[in-house]
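Colleague: got a predicted structure plus its sequence, pasted below:
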Number of protein chains: 2
Amino acid sequence: MSKTIDSTPRADGFRMPAEFEKHTGTWILWPERPDNWRLGAKPAQHTFVNVAKAIAEFEPVTVGVSASQFQNARSMLPGEIRVVELSNNDSWIRDCGPTFVVNDKGEVRGIDWDFNAWGGLVNGLYFPWDQDDLVAQKVINIENVDRYKAPFVLEGGSIHTDGEGTLMTTEECLLDEGRNPDLTREEIEENLMEYLNVEKIIWLKNGVYNDETNGHVDNIVCFIRPGVVALTWTDDKNDPQYEISMDAYQRLSEATDAKGRKLEIHKITQPGPIFITKEESEGVDAIDGTLPREEGDRLAGSYVNFYIANKGIVVPVFDDPHDKAAVDTLKKLFPDRKVVTVKAREILLGGGNIHCITQQQP
Amino acid sequence: MSKTIDSTPRADGFRMPAEFEKHTGTWILWPERPDNWRLGAKPAQHTFVNVAKAIAEFEPVTVGVSASQFQNARSMLPGEIRVVELSNNDSWIRDCGPTFVVNDKGEVRGIDWDFNAWGGLVNGLYFPWDQDDLVAQKVINIENVDRYKAPFVLEGGSIHTDGEGTLMTTEECLLDEGRNPDLTREEIEENLMEYLNVEKIIWLKNGVYNDETNGHVDNIVCFIRPGVVALTWTDDKNDPQYEISMDAYQRLSEATDAKGRKLEIHKITQPGPIFITKEESEGVDAIDGTLPREEGDRLAGSYVNFYIANKGIVVPVFDDPHDKAAVDTLKKLFPDRKVVTVKAREILLGGGNIHCITQQQP
């Protein structure tokens, strides 16, 4: 039942559900590489445990971990969280994991995209990425579902869907020369429509300023429900994020979704700006070929990188003056879900946040 | 749901079902270590594929494999067989895997025994065995069942149960100084009764001649159904196996099971004797600390090391004159199951056979 199907989800009547649809569970990968996570990844591991526990309040959580960290992860995580061996090059299962699709009967299948560490030999973040590229297939096998092998590079964090035929993405990422240089914009759109079974693609120009993923959409904007989005924001005209968010706002304002609706846009002011400290930088191993973490580098902090679980919202916070407003906004936007926070600076230091380290399974 | 329960199966009303009771599936581990399996384990891998395919005719099969062999195993196995990452030191999941127990409601839990590679630093077969010792816990996590951690050394191949309160084992193995030297025979019996929920233990003296596991019971005798056993046999009085099988026959003849029944005993004449050839020996890496495979060594060949699947029996054969009689006997003993054969010399060369490389999950 883990066979690879020589077809596409659209042809078989499968579609990618929205994150706010019902999950059977959440997948997370365990952080460990010392050239990305400071102090041997120990602070990050504690934060990942907090994220896993927060989500486990709402739905089953599985944590994948390399053989060498299995016992440590198993002992740090509570017994109700499943821990499985899953080699990886780093812990971003949003991007290297499968994208699950469903049909009207509730059957689930997994899409296994090509993965090249956010840009391969052009501008990827580390080398090699061979174990990351097997994560989707391994998850699909463990879950005993059938598999589509998509013949192009895509990360889950570069797309958001509303479950009703609309997809949001960014030109900065999907048209970057490190992903699919041989595909035109139109061919990329066709692929997205064929594999995710969507009809309308809303293109933003850029992701969050200095986002090392080439501007993943999931760090700048997300669907709250069909027709309603949240956008990361700043009112500081001197911040390079200002122009990016303004452009996104304009495009979203002008867009209609697959059902012909105009979008309701909620601005969420960004934290910080947040910069890497000297102490934080010094805790990271320097390895040729891995993106360095240097003192003073600006981090792509965003509250929009929250995760939607069954009946719950798990939001990154930063001991920042903007935390409260962001959380209050999300409470209003999700009146039927419990909003919980996790102090997430240690995840941000590794290059992403709570949405990037999670993958929902419908 | 993979939590460790601080109790015992007996206390909670769980028991080990017999192998001939209904399975939800079978677990296998992929062979790879070149100091045990000749020619880089390639011939053994093909044989394991044949075993997995044979069992998959009757029930779902999962194959666990190290990260380095994942892609090879995935490509060699058909799509309906699930392949999951599972580090190990060798591929004997009968011994390092969990023993599953069930209650009357059909709930399943897994027992995680201590594992020390058949004798630890006293007379174990290789070093280290750290990854083997994690296999049971990892399988239990993947299957999302609760876990009992048994505080003593046991291999699944050293026990057989009839599902009705009777267990068979051997003194050669369970009383060996390499397993639980601090436990008396009575304490070992108490442990077996507590964890497997049995009332009657039938002790044979020895396993098959020259069996490197210290005489695992699953290579010499097994239950066909409650009250009925099959025993490996030879009529050659000059064969050291003769005295072993005679002694086992006598003990079984005198025994009664937990229900007070006398046992019906069916003799199955052994293959061979089978010896390692020069070519076979030369294909194995020589590593200090791993049991060598030397030309002329006698192998512990036995047809009793077959596997009972749902509606099927998977029997090792050896291109041996005794193959036909063994298969004919098993066909008579299992009139309601399909008896299929797999040429299994390559498994025998590694130190066991089909029963040793499988683990049923109720």
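Modeller: Cool, the structure landed.
Colleague: could you list the low-pLDDT ranges of chain A?
Modeller: A:1 (pLDDT under 70).
Colleague: isn't residue A:274 up against residue A:348?
Modeller: Yes - using Cβ atoms under 8 Å, residue A:274 is in contact with residue A:348, at 6.7 Å. In this view, the C-beta of every residue, glycine as well, is placed from N, C-alpha and C.
Colleague: looking at the two, which is more packed in?
Modeller: residue A:348 (23 against 17; other Cβ atoms under 10 Å in any protein chain shown).
Colleague: doesn't residue A:54 belong to a strand?
Modeller: No - Residue A:54 is assigned helix when assessed by DSSP: H, G, I helix; E, B strand; the rest coil, not a strand.
Colleague: overlap in contacts, residue A:274 and residue A:348.
Modeller: Common contacts of residue A:274 and residue A:348, defined by Cβ atoms under 8 Å, 6 or more residues apart in numbering or on different chains, comprise A:299, A:301, A:318.
Colleague: chain B: which of the residues you listed is nearest?
Modeller: Distance to chain B across the shared contacts of residue A:274 and residue A:348 (Cβ to the nearest Cβ) is lowest for residue A:299, with 31.3 Å.
Colleague: which residues sit in contact with the closest one?
Modeller: A:210, A:272-276, A:348-349.
Colleague: rerun that using 6 Å as the cut-off
Modeller: By Cβ atoms under 6 Å, 6 or more residues apart in numbering or on different chains, the residues touching residue A:299 are A:274, A:348.
Colleague: phi, psi for it please.
Modeller: Dihedral angles of residue A:299 (phi, psi; degrees, to the nearest 10) stand at phi -90, psi 150.
Colleague: give the contact list for the residue in the stretch 251-362 of chain A that chain B sits nearest to.
Modeller: Nearest residue of the stretch 251-362 of chain A to chain B (Cβ to the nearest Cβ) works out as residue A:361 at 12.9 Å. When contacts are counted by Cβ under 6 Å, 6+ apart, residue A:361 touches A:24-25, A:100.
Colleague: which among those count as buried?
Modeller: A:25, A:100 (16 or more other Cβ atoms under 10 Å in any protein chain shown).
Colleague: between the contacts of residue A:361, which sits nearest chain B?
Modeller: Of all those, chain B sits closest to residue A:25, with 9.7 Å by Cβ to the nearest Cβ.
Colleague: hmm, that closest one is touching residue A:56, no?
Modeller: No - Residue A:25 is beyond contact range of residue A:56, at 9.4 Å (criterion: Cβ atoms under 6 Å).
Colleague: which parts of the stretch 251-362 of chain A are helices?
Modeller: Along the stretch 251-362 of chain A, the segments classed as helices by DSSP state H, counting those that start in this stretch run A:278-282, A:323-333, A:345-348.
Colleague: return the distance of the shortest one from the chain's centre.
Modeller: Put plainly, it is helix A:345-348. Averaging C-alpha positions (Cα atoms, centre = their mean, to the nearest Å) puts helix A:345-348 14 Å from its chain's average.
Colleague: got the contact list for that helix?
Modeller: By Cβ under 6 Å, 6+ apart, the surrounding residues in contact with helix A:345-348 are A:43-44, A:47, A:299, A:301, A:318, A:353.
Colleague: residues in contact with residue A:304?
Modeller: By Cβ under 6 Å, 6+ apart, the residues touching residue A:304 are A:222, A:230, A:232.
Colleague: how close does the first one sit to chain B?
Modeller: It stands for residue A:222. 30 Å (Cβ to the nearest Cβ, to the nearest Å).
Colleague: identify the residue spatially nearest to residue A:99, adjacent ones excluded.
Modeller: Ranked by Cβ to Cβ, 6 or more residues apart in numbering or on different chains and with sequence neighbours excluded, the top spatial neighbour of residue A:99 is residue A:111, at 4.5 Å.
Colleague: partners of the one you found in the sheet?
Modeller: For residue A:111, the beta-bridge partners are residue A:99, residue A:148 (DSSP bridges).
Colleague: hmm, residue A:353 and residue A:316 touching each other?
Modeller: Yes - if you go by Cβ under 6 Å, residue A:316 and residue A:353 touch, sitting 4.7 Å apart.
Colleague: which residues do the two both contact?
Modeller: Joint contacts of residue A:316 and residue A:353 (Cβ under 6 Å, 6+ apart) are residue A:344.
Colleague: ranges for the helices of the stretch 51-200 of chain A?
Modeller: A:70-76, A:93-96, A:120-123, A:132-142, A:171-174, A:185-196.
Colleague: and residue A:16, which of these is closest to it?
Modeller: helix A:185-196 (4.3 Å; Cβ to Cβ).
Colleague: does anything pack onto the helix or strand just after the closest one? Which helices or strands?
Modeller: Per DSSP states H and E, the first helix or strand lying C-terminal to helix A:185-196 is strand A:200-204. Under the contact criterion of 3 or more Cβ pairs under 6 Å, 6 or more residues apart in numbering or on different chains; DSSP states H and E, strand A:200-204 touches strand A:166-170.
Colleague: identify the spatial nearest neighbour of residue A:283, chain neighbours not counted.
Modeller: Leaving out its chain neighbours, the residue that sits closest to residue A:283 by Cβ to Cβ, 6+ apart is residue A:38, at 3.1 Å.
Colleague: OK, contacts around that neighbour?
Modeller: Neighbours of residue A:38 in contact, by Cβ under 6 Å, 6+ apart: A:280, A:283-284.
Colleague: report how many residues lie close to the closest residue to chain B within the stretch 51-200 of chain A.
Modeller: Per Cβ to the nearest Cβ, residue A:79 is where the stretch 51-200 of chain A lies closest to chain B, at 2.8 Å. A count of neighbours around residue A:79, defined by other Cβ under 10 Å, yields 14.
Colleague: quick check: it vs residue A:278, distance?
Modeller: 39 Å (Cβ to Cβ, to the nearest Å).
Colleague: again, but for residue A:147
Modeller: Residue A:147 sits 45 Å away from residue A:278 when distances are taken as Cβ to Cβ.
Colleague: what about those two, which has more around it?
Modeller: Neighbours per residue (other Cβ under 10 Å) separate residue A:147 from residue A:278, with residue A:147 holding more: 20 against 9.
Colleague: quick one: residues contacting the more buried one.
Modeller: Taking Cβ under 6 Å, 6+ apart, one finds A:4, A:110, A:112, A:140 in contact with residue A:147.
Colleague: swap in 10 Å and give it another go.
Modeller: A:2-5, A:98, A:109-112, A:136-137, A:139-141, B:79 (Cβ atoms under 10 Å, 6 or more residues apart in numbering or on different chains).
Colleague: do the same with residue A:69
Modeller: A:30-32, A:41, A:45, A:76, A:83, A:85.
Colleague: ok, residue A:349 next?
Modeller: Counting by Cβ under 10 Å, 6+ apart, residue A:349 has contacts A:36-38, A:43-44, A:47, A:274, A:276-277, A:280-281, A:283-284, A:293, A:297, A:299.
Colleague: kindly indicate the member of the residues you listed with the most neighbours.
Modeller: Highest count within the contacts of residue A:349 by other Cβ under 10 Å belongs to residue A:37, 27 neighbours.
Colleague: for that one, give its distance to residue A:342.
Modeller: Going from residue A:37 to residue A:342 by Cβ to Cβ gives 16 Å.
Colleague: most packed of the helices of the stretch 51-200 of chain A?
Modeller: helix A:93-96 (a mean of 27; mean count of other Cβ atoms under 10 Å in any protein chain shown).
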